[in-house]
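S.K.: need a 3D model of the following:
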Amino acid sequence: NSLAPEIPPNIALLFENLWWPGLTLKDKELTAMLLDSVTHRNVGIMLDTGHLMNTNPNLKTEAEGVEYILNTIENLGSYARYVRGIHLHQSLSGKYIRSSQKNAKQCKAEYSMEEVMQHVLHIDEHRPFATPDVQKIINYVQPEFLVHEFTQHSLLDWKQKLSQQLRALCINRMAI
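M.R.: From the prediction side, this is the model:
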C-alpha cells in the first residue's frame, strides 16, 4: 500500500499466484484479504497456471491440471472476477516433488545458485499445453492479458513450444 499512490489509476496492479505457501489461490479467505486490503483500486490476479498445478503434486495429466485450475478459480467465488491475466503453461512435476521429499534427509548444508535453479525448474517446468482442454481456462477467465510463459533453450525451441500451445488453443497461425 505504500506504493499505491505512485501507481496511476489506469495501471493495473496484478498479483501472481505462487506454488509455495502464500497466494496460491487455494485459500479464498487469504485471496480476499489481500485483494480487499490493497488501496489501489485497479487490482487483480495474474493467474500462473503452472504455479497452480504445482500446488497439487497428484496431478498426472494436463486434463487433470485444467480441471484443477478451473475448480480452484471457481472456488474463489466472487473473487474469481479478479483473475485478469494468465501466464499460460503447464507443470506436472508431482513425481519429482515426491522423490525430492523422500531424499530430503540427504540435503547438503549449502547449494550453489545453479543447483537451486535446477531444482526450481524441475518443479516449475514451464511447458506448453498440448491438450485442447486448455481452451476451457481461456473461455472461463476471458483474460485481458495472456502470456505464453515457457522455459526455452533457443529461438527454435521457443517457436516449437509456442506453436504447440497455439495448436492446443486452436490458433493455427502465428506471425513470429
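S.K.: phi and psi next, for the residue nearest in space to the middle of the chain.
M.R.: Centroid-nearest residue in the chain: Asp48, 1.8 Å away (criterion: C-alpha atoms, centre = their mean). Main-chain torsions, Asp48, degrees, to the nearest 10: phi -100, psi 110.
S.K.: again, but for Leu146
M.R.: According to degrees, to the nearest 10, Leu146 has phi -130, psi 120.
S.K.: what bridges to the nearest residue to it once chain neighbours are set aside?
M.R.: In space, and not counting its chain neighbours, Leu146 is closest to Ile86: 5.4 Å by C-beta to C-beta, 6 or more residues apart in numbering. The way it works is simple: take the backbone N, C-alpha and C, and place the C-beta from them, glycine included. Taking DSSP bridges, one obtains Leu47, Leu146 as the residues bridged to Ile86.
S.K.: on that earlier part again, how close does the residue nearest to the centre of the chain get to Asn103?
M.R.: Look at Asp48 and Asn103: by C-beta to C-beta, to the nearest Å, they are 26 Å apart.
S.K.: same thing with Asn75?
M.R.: Taken as C-beta to C-beta, the span from Asn75 to Asn103 is 33 Å.
S.K.: which one's more surrounded, those two?
M.R.: Asn75 (14 against 9; other C-beta atoms under 10 Å).
S.K.: give the contact list for the residue nearest to Leu146.
M.R.: 46-49, 137-138, 141, 143, 145-147 (C-beta atoms under 8 Å, 6 or more residues apart in numbering).
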